[in-house]
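I would like the atomic coordinates for the input below:
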Amino acid sequence: MKLHIKIRNGAVLLMAAVLAAGPVRDVQAGPDKAALDKIVVSATKTPHTLGDVPVAAEVITREELLERNVRTVQEALEKTTGLVVEANSGSYGDKGHVSIQGLELRHTLVLIDGQRILGGHQNAIDLQQISIEMIERIEIVKGPASALYGSDAMGGVINIITRGAPDKPEFSGSLAMGTRSTTIGTISAGTGSEHVGAQVNYTFRESEGIDEDYDPYTEHIVQGTVSFNLSDKMDLDVKPYYSYQEMTEDERFQERYGLNALFKWQPDEYSTARVRGSFFEYQHWTEDRSTDYVLDNYELEVGYSRLLFERHLVSAGYELWQEERDDDGKSLYLDQVLHSFYLQDEIDLSPVVLVFGARLDSHEKWGEEINPKASLMYKASDDLTFRASVGTAFKAPSLLKLYGDFRMGPYLLHANPDLEPEKSVGYQAGVDYAFSKDVTAKVSFFRNELEDLIATRIVRRGPPPWGMYWENVEDATTQGIEVNLGARLTDDLSAKLGYTLLDTEDNDTGKELAHRPDHKLFAGVDFRIPATDIRMHVESSYTGKRWDDDDNTERLDDFWVWSATIAKEFGEHAEVFVKIDNIFGEEDIEDEYDIDGTEFLAGVRVDL
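Purely as a prediction, here's the structure:
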């Protein structure tokens with residue numbers, strides 16, 4: 001891999017220079033409190049501020065999403081270092097997948113309030129099923145996380161925390177229209193009292209997409225929260241969910257139902273007990289019923305945390321996960337049950353914090369998986385923090401791979417009940433430094449060693465159907481460096497820059513993994529003109545060269561994408577905005593279906 005990047009536009013250098021220059025006014029040393037005071041729970045399943053969490057994590061807040069007029073979850077994630085987002089995944093109605101640090105899409109665990117969700121091709125979650133308007137924050141934990149979350153968390157965890165009920169009546173609505181007959185409309189309302197409150201959102205989207213003969217879709221999403229303050233020590237949140245998507249030209253339909261109930265009890269100031277019970281159903285069918293299946297998830301999680309001896313925050317828990325597939329299209333009914341136990345100890349030896357944890361997952365076919373993790377944080381000063389971790393993770397074989405024999409085109413796929421889980425060992429190390437109150441930097445290194453990856457072996461003998469067999473055959477390695485810089489130059493001007501260097505290898509062939517860019521760069525500037533209530537956001541992203549095939553015979557070109565947003569506020573309750581994506585009209589990118597010329601989106605938002 002070549003370790004260089006060709007900067008083709010001087011404006012990006014200008015952004016970097018702005019970041020390096022630092023504030024234009026004198027400030028006292030110390031970290032940016034607005035950033036470091038963000039709350040994160042997913043890293044340890046216990047609440048921490050972002051500056052004090054012992055495991056490396058990132059948080060995207062609701063305020064940041066509103067400032068940038070973000071319309072989808074994939075758009076919210078695509079400027080995060082270490083993540084690669086497929087904004088439109090094309091087949092089966094998927095509109096967005098995400099991978100972390102060079103791993104496969106299926107190695108990212110996506111949760112909503114801790115609940116596993118369903119629906120997405122390639123054994124990966126379609127991100128568009130989540131409404132932006134219901135998001136309170138997005139928590140991102142990179143690296144192996146099976147010590148707390150079990151299967152799928154090889155690359156990391158993305159936990160989307162939804163909004164709770166407000167204390168008083170509120171209402172918001174937005175309508176945006178743009179290129180390709182795109183329309184996005186949202187309505188949210190909520191109210192609350194001392195003991196009960198509710199929040200609900202309805203989101204409507206439709207678009208013709210890139211290919212008018214295949215892509216047009218319409219979707220409806222309804223999400224909500226009903227909160228009960230049972231006492232000073234007990235709370236209950238019930239979060240219903242429903243979505244429906246129709247691809248009109250492809251005659252393909254998707255429907256999702258979900259219910260997530262979260263109970264919290266704090267008997268005293270040293271301990272917290274949590275119980276979560278959830279159900280999620282995903283239905284996918286075509287008009288001719290050649291595809292027709294239903295997936296169901298049932299989950300129960302019981303967790304307890306207590307501070308012991310003033311230094312040990314000990315957490316323990318049990319999870320039950322039942323998964324079912326009722327597939328009329330393939331004439332299959334499949335199910336499996338996992339039982340899991342986890343234990344974690346956060347040891348505060350300030351300025352050093354140690355975290356040791358492990359989880360046992362038990363399955364009737366592939367047996368038991370034990371995944372430990374150890375993390376360390378050292379706060380050398382208020383401005384300098386070091387973090388490091390090492391852990392293992394796994395991805396369980398899917399129901400279809402374990403038990404499903406079925407026909408797919410010219411192939412007859414054969415189940416393999418002897419499949420073992422995919423496994424990984426991951427390492428993370430990084431340093432955070434605040435040059436001043438308003439200028440921060442973060443540099444981290446990661447390495448993931450993967451083994452027993454599941455691949456297909458095809459046997460072609462005679463005419464079709466040919467045999468396709470699932471096997472644990474592949475090993476791979478991904479490693480790289482992430483750099484994040486942030487600067488608040490004045491109260492009305494800030495800038496960010498993120499860079500990812502990625503090196504991958506198929507350990508069996510010595511080749512690089514396909515569709516993994518060597519370099520990714522993001523730079524953005526936000527500025528506000530207070531006298532006119534106008535704010536602007538300008539950003540540029542660079543995607544480096546990558547191989548289009550496993551044999552490394554075809555190299556795809558690098559490319560830049562520039563975007564801008566301008567918003568005008570009218571009083572305290574309304575604003576209009578215009579977004580221009582892909583300003584210079586990049587198109588015909590082999591592995592970026594959704595990048596196809598300049599796009600416009602204009603809209604209005606009202607908050608009461």
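
in this structure, which ranges drop under the pLDDT threshold?
Low-confidence segments of the chain (pLDDT under 70): 1-36, 88-93, 122.

At which residues are the helices of it located?
10-21, 33-36, 62-67, 73-77, 146-149, 399-403 (DSSP state H).

Could you pull out the buried residues of the fifth one?
Spelled out, it's helix 146-149. Neighbour counts using 16 or more other Cβ atoms under 10 Å place Ser146, Ala147, Leu148, Tyr149 of helix 146-149 among the buried residues. No exception for glycine: its C-beta is placed from N, CA and C like everyone else's.

Surely the third one touches Gln344?
Yes - under the criterion of Cβ atoms under 8 Å, Leu148 makes contact with Gln344 at 6.9 Å.

Find residues that contact each of those two.
Thr44, Lys45, Gly357 (Cβ atoms under 8 Å, 6 or more residues apart in numbering).

For my notes, please list those residues in CSV and give neighbour count for each entry.
Formatted as CSV, the shared contacts of Leu148 and Gln344 follow (neighbours: other Cβ atoms under 10 Å):
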residue, neighbour count
Thr44, 22
Lys45, 18
Gly357, 23
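
Might you report the residue contacts of Ile370?
Ala358, Arg359, Leu360, Asp361.

do you know how far the second one is from Ile370?
When you say that, I think you mean Arg359. 7 Å (Cβ to Cβ, to the nearest Å).

all strands for the stretch 201-350 of the chain, in order.
217-229, 234-247, 252-268, 271-286, 292-308, 312-327, 332-349 (DSSP state E, counting those that start in this stretch).

packing partners for the longest one?
Looking back up the chat, that one is strand 332-349. helix 146-149, strand 312-327, strand 352-363, helix 399-403 (3 or more Cβ pairs under 8 Å, 6 or more residues apart in numbering; DSSP states H and E).

what comes up buried for the longest one?
Yep, that's strand 312-327 we're talking about. Leu313, Val314, Ser315, Gly317, Glu319, Trp321, Glu323, Glu324, Arg325, Asp327.

Now the fourth one. Nearest residue, chain neighbours left out?
By the measure of Cβ to Cβ, 6 or more residues apart in numbering, the closest residue to Gly317 outside its immediate chain neighbours is Gly303, 3.6 Å from it.

before we move on, what about the second one?
Of all residues beyond its chain neighbours, the one nearest Val314 is Asp345 (5.2 Å), with distances taken as Cβ to Cβ, 6+ apart.

show me the residues around that neighbour that make contact.
Neighbouring residues of Asp345 by Cβ under 8 Å, 6+ apart: His312, Leu313, Val314, Ser315, Val355, Phe356, Gly357.

repeat that with 7 Å
Applying Cβ atoms under 7 Å, 6 or more residues apart in numbering to Asp345 gives the contacts His312, Val314, Phe356.

So Asp503 versus Ala434, what's the distance?
Using Cβ to Cβ, one obtains 29 Å as the distance from Asp503 to Ala434.

er, Phe406 actually
Distance, Phe406 to Ala434, by Cβ to Cβ: 55 Å.

So if I had to pick from these two, which one is more boxed in?
Remark: of Phe406 and Ala434, Ala434 carries more neighbours, 23 against 15, as counted by other Cβ atoms under 10 Å.

beta partners for the more buried one?
Counting by DSSP bridges, Ala434 forms beta bridges with Thr440.

wait, isn't it in contact with Asp383?
Yes - using Cβ atoms under 7 Å, Ala434 makes contact with Asp383 at a distance of 4.2 Å.

now, which of the shared contacts of Leu148 and Gln344 sits nearest Val55?
Thr44 (5.9 Å; Cβ to Cβ).

list the contacts for the closest one?
Val53, Pro54, Val55, Gln344, Glu346, Val355.

What count of nearby residues applies to the last one?
Pointing back at Val355 there. When counting by other Cβ under 10 Å, one arrives at 23 neighbours for Val355.

Show me what it is bridged to.
Beta-bridge partners for Val355, by DSSP bridges, are Glu346, Ser375.

Next, the contact list for it, please.
Taking Cβ under 7 Å, 6+ apart, we find Val355 in contact with Thr44, Pro54, Val55, Gln344, Glu346, Ala374, Ser375.

measure it to Ser381 for me?
Counting by Cβ to Cβ, the gap from Val355 to Ser381 is 21 Å.

need the contact list for Gly224.
Contacts of Gly224 (Cβ under 7 Å, 6+ apart): Ala198, Gln199, Val200, Asn201, Lys239, Pro240.

could you dump the strands of the stretch 201-350 of the chain to CSV with distance to Ala176?
Output for the strands of the stretch 201-350 of the chain, formatted as CSV (distance: least, Cβ to Cβ, whole Å):
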stretch, distance to Ala176
strand 217-229, 15
strand 234-247, 18
strand 252-268, 23
strand 271-286, 27
strand 292-308, 31
strand 312-327, 37
strand 332-349, 41
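
Report the central residue of the chain.
For the chain, Ile158 is the residue whose C-alpha lies nearest the centre (Cα atoms, centre = their mean; 3.8 Å).

if we can go back for a sec, out of the contacts of Ile370, who's the most crowded?
Neighbour-wise, the contacts of Ile370 (other Cβ under 10 Å) top out at Arg359, 26 neighbours.

Gly150 is in contact with that one, correct?
Yes - judged on Cβ under 7 Å, Arg359 makes contact with Gly150 at a distance of 6.1 Å.

so what sits against both of the two?
Residues touching both Arg359 and Gly150 (Cβ under 7 Å, 6+ apart): Ser340.

Asp113 touches Pro240, doesn't it?
No - checked against Cβ under 7 Å, the pair Asp113 and Pro240 is beyond contact range at 11.7 Å.

of these two, who's got more company?
The residue with more neighbours, out of Asp113 and Pro240, is Asp113; 18 against 15, by other Cβ under 10 Å.
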